[in-house]
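# A structural model of the following input is requested.
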Amino acid sequence: MINDAAPVHQQPVVTVVTVVFNDAEGISRTIESVAGQTYDSVEHIVVDGKSQDGTAQKVEERRDLIDVYLSEPDRGIYDAMNKAIGLANGKFMLFMNSGDVFFDRSSLSKLIERAEATNSSAVFGGWVRQSPGGSTEFRQPKLRSGLFNHQAVLYARSLHRELGPYALVPGLTTADYLFLSALLQDSRIPTSELTEPVAIIDIGGVSAGNHTFAQKSAIDYLHGRISKWRLASYLVLHPIYRMVKKLSGRQ
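Here you go, the predicted structure:
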């Protein structure tokens, strides 16, 4: 929640967006993580796709921790994210979707400090991947390789005026990766990296699977990160690799 008492140095407002659909278990965890940030100037927007599993009740129980709550049918996660962009008031945005959490209480402060110290319009932080079984893996951003995660990215809301909203295309599961790749491709937009972890994410969900991998590979090819030969080999070999990995018991 935004602190009404103005500090001596006016902090830029950060809009944290949580998109949710039928995740009564995860939504409480995310709301409490956002509310627990030590950074004062936070606007929290929750956009629910009209869940039917008790999610709305969990949100209402924590309504005092949320600035804006919208619950209505949508056309998928990126439609919900675009609705939140239209509702946001912050100078910066960060999407922390249901079930995902900040790494610690100072994560937002670290991102803002990095943005201000480097005069960056976008800061790409590190993140921790958490499997359904509870195992974790730390990842650092590698922007030239296209290695980043949107839950760990703070960026200026004004960039949507230049780059547009998230693409709404049937079957597209990588609109966030497409948007952030376009951001990185634009030499006019100053960016920086924060190698510390700022988010803990659930590695399951919408952006998992061969379909998403193929889309990301195509985006990497279009932005010059991989050759057409590597793209072709990825698309041919990756499904086989995933099958062998699954059969060997290595998830």
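# Beyond the helix or strand harbouring residue 32, next helix or strand please.
Using DSSP states H and E, residue 32 sits in helix 24-35. Toward the C-terminus, helix 24-35 is succeeded by strand 42-48 as the next helix or strand (DSSP H and E).
# Give the pairing partners of that next one; include direction for each.
strand 14-20 (parallel), strand 68-71 (parallel) (DSSP bridges).
# Comparing these, which comes out most buried?
Mean neighbours per residue, mean count of other C-beta atoms under 10 Å, is largest over the strands paired with strand 42-48 for strand 14-20, with a mean of 26. Where you see a C-beta, it was placed from the backbone N, CA and C, and this is true even at glycine.
# got the strands paired with strand 42-48 as JSON lines, with mean pLDDT and distance to residue 166 columns?
As requested, the strands paired with strand 42-48 are exported to JSON lines (pLDDT from 0 to 100; distance: least, C-beta to C-beta, whole Å):
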{"stretch": "strand 14-20", "mean pLDDT": "98", "distance to residue 166": "11"}
{"stretch": "strand 68-71", "mean pLDDT": "97", "distance to residue 166": "16"}
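# right, and these - which one's nearest residue 183?
strand 14-20 (16.6 Å; C-beta to C-beta).
# shaky segments in the stretch 151-251 of the chain?
Along the stretch 151-251 of the chain, segments meeting pLDDT under 70 span 204-210, 238-251.
# show me where it has strands.
Along the stretch 151-251 of the chain, the stretches classed as strands by DSSP state E, counting those that start in this stretch are 153-156, 191-202.
# List the buried residues in the longest one.
Neighbour counts using 16 or more other C-beta atoms under 10 Å place 191, 192, 193, 194, 196, 197, 198, 199, 200, 201, 202 of strand 191-202 among the buried residues.
# What are the contacting residues of it?
26, 96, 99-103, 107-108, 110-111, 114-115, 118, 120-130, 132, 136, 138, 140-141, 143, 149, 151-152, 183-184 (C-beta atoms under 8 Å, 6 or more residues apart in numbering).
# Which parts of stretch 101-120 count as buried, going by neighbours?
Residues of stretch 101-120 classed as buried by neighbour count (16+ other C-beta under 10 Å): 101-104, 107-112, 114-115, 120.
# So which of these are in helices?
Those of the buried residues of stretch 101-120 mapping onto helices are 107, 108, 109, 110, 111, 112, 114, 115, per DSSP state H.
# Pipe those residues into JSON lines and attach distance to residue 234 per row.
Below are these laid out as JSON lines (distance: C-beta to C-beta, whole Å):
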{"residue": "107", "distance to residue 234": "32"}
{"residue": "108", "distance to residue 234": "35"}
{"residue": "109", "distance to residue 234": "38"}
{"residue": "110", "distance to residue 234": "34"}
{"residue": "111", "distance to residue 234": "31"}
{"residue": "112", "distance to residue 234": "36"}
{"residue": "114", "distance to residue 234": "32"}
{"residue": "115", "distance to residue 234": "33"}
